[in-house]
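# After the sequence you'll find the predicted model.
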Amino acid sequence: MTETNSKKAEVSKQIDAFMSAGKTRFVKWTDPNEPDEKKAKREDKIIVEDPGIEYAMQAIDLTDVGNDEADWSTLFDLIMKNVLVDPSWTFEELDAALAKTDRTHAVKMTNSAGEKVDVKMVWPGYRKAVQFVMGTQSPSGALKMSKSLADLNEEVLRKENNTVADMEYWNAGSRGAGLGMKAMTEAMNYMADILNRDGFLAKVRDALTFLMSTVRG
């Protein structure tokens, strides 16, 4: 065996040992892009590992970082890097793999004046999408509708001319009049559909559940 092949074999053994040290869990999830309801329901195996109490405590802290908010994007990053062994994901890799056709989205709606309007959206990146979708409710359960719409205006929602939306755009006399709430819902659905692909949300959340169980028994 050559030195190169020997090194590859050694790396392979290390990976196998690392994988075997993990725990197997089965995660149920629904494919949002599968029209067949039966085929849409999936169950996949994932492998997780216990990274130690320090990471578990960090995860708990991130579920409420003050101002009645949770830092879901940092929490998901922690889980992907330290708990979820297989599948292996990073925000950067997920964004790079996202098809160009998924990076924008438009929904035709009728405003309060009876006019047809294209409500446009742009993909904010997996990291911000996780924060939006997972942060629909604050840790206390309170809804922060005004802040949510303001943040979506900046990061996701766009006017018909592709400029950044603002609160005024959803008021009477503007093209988006009466569509603010509907636009919020559509933006959340757009991001959730992408985040649910391959069971991403379900698998990372299950890995989080596993991590919490390591300290709660």
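Looks like it arrived, so ask away.

# mind checking pLDDT for the nearest residue to Tyr169 once chain neighbours are set aside?
Spatial nearest neighbour of Tyr169, excluding adjacent residues (CB to CB, 6 or more residues apart in numbering): Gly176 at 4.4 Å. (C-beta placed from N, C-alpha, C; glycine too.) At Gly176, the pLDDT value in this model is 97.

# who are the neighbours in contact with Leu208?
Ala59, Leu75, Ile79, Val83 (CB atoms under 8 Å, 6 or more residues apart in numbering).

# pretty sure Asn161 is in a helix, no?
No. Asn161 is assigned coil when assessed by DSSP: H, G, I helix; E, B strand; the rest coil, not a helix.

# Got phi/psi on it?
The phi/psi pair for Asn161 (degrees, to the nearest 10) reads phi -90, psi 10.

# what do you get for Lys23?
phi -110, psi 140.

# So what pairs up with the nearest residue to it once chain neighbours are set aside in the strands?
Residue nearest to Lys23 in three dimensions, not counting chain neighbours: Val48, with 5.5 Å by CB to CB, 6+ apart. On the basis of DSSP bridges, Val48 is bridged to Lys23, Leu84.

# And the pLDDT at Val48?
For Val48, the model assigns a pLDDT of 98.

# Nearest to the spatial middle of the protein, which residue is it?
Val130 (3.2 Å; CA atoms, centre = their mean).

# returning to that earlier point: what about the residue nearest to Tyr169, which SS state?
Gly176 is classified as coil under three-state DSSP.

# correct me, but it touches Met167?
No. Using CB atoms under 8 Å as the test, Gly176 is too far from Met167 to be in contact (9.8 Å).

# Could I get the buried residue list for stretch 196-206?
In terms of neighbour count (16 or more other CB atoms under 10 Å), stretch 196-206 has its buried residues at Asn196, Gly199, Phe200, Leu201, Ala202, Lys203, Val204, Arg205, Asp206.

# now stretch 194-211, how far from the centre of its chain.
How far stretch 194-211 lies from its chain's middle: 9 Å, per CA atoms, centre = their mean, to the nearest Å.

# which residues touch Ala56?
Leu211, Met212, Thr214, Val215.

# How many residues are close by the residue nearest to Tyr169?
Using other CB atoms under 10 Å, Gly176 has 23 other residues around it.

# Helices along the protein, start to end?
3-20, 37-40, 53-62, 72-82, 91-97, 126-134, 145-155, 180-195, 200-216 (DSSP state H).

# As JSON lines, these with mean pLDDT would be great.
Putting those into JSON lines (pLDDT from 0 to 100) gives the following:
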{"stretch": "helix 3-20", "mean pLDDT": "53"}
{"stretch": "helix 37-40", "mean pLDDT": "86"}
{"stretch": "helix 53-62", "mean pLDDT": "96"}
{"stretch": "helix 72-82", "mean pLDDT": "98"}
{"stretch": "helix 91-97", "mean pLDDT": "98"}
{"stretch": "helix 126-134", "mean pLDDT": "97"}
{"stretch": "helix 145-155", "mean pLDDT": "93"}
{"stretch": "helix 180-195", "mean pLDDT": "97"}
{"stretch": "helix 200-216", "mean pLDDT": "94"}
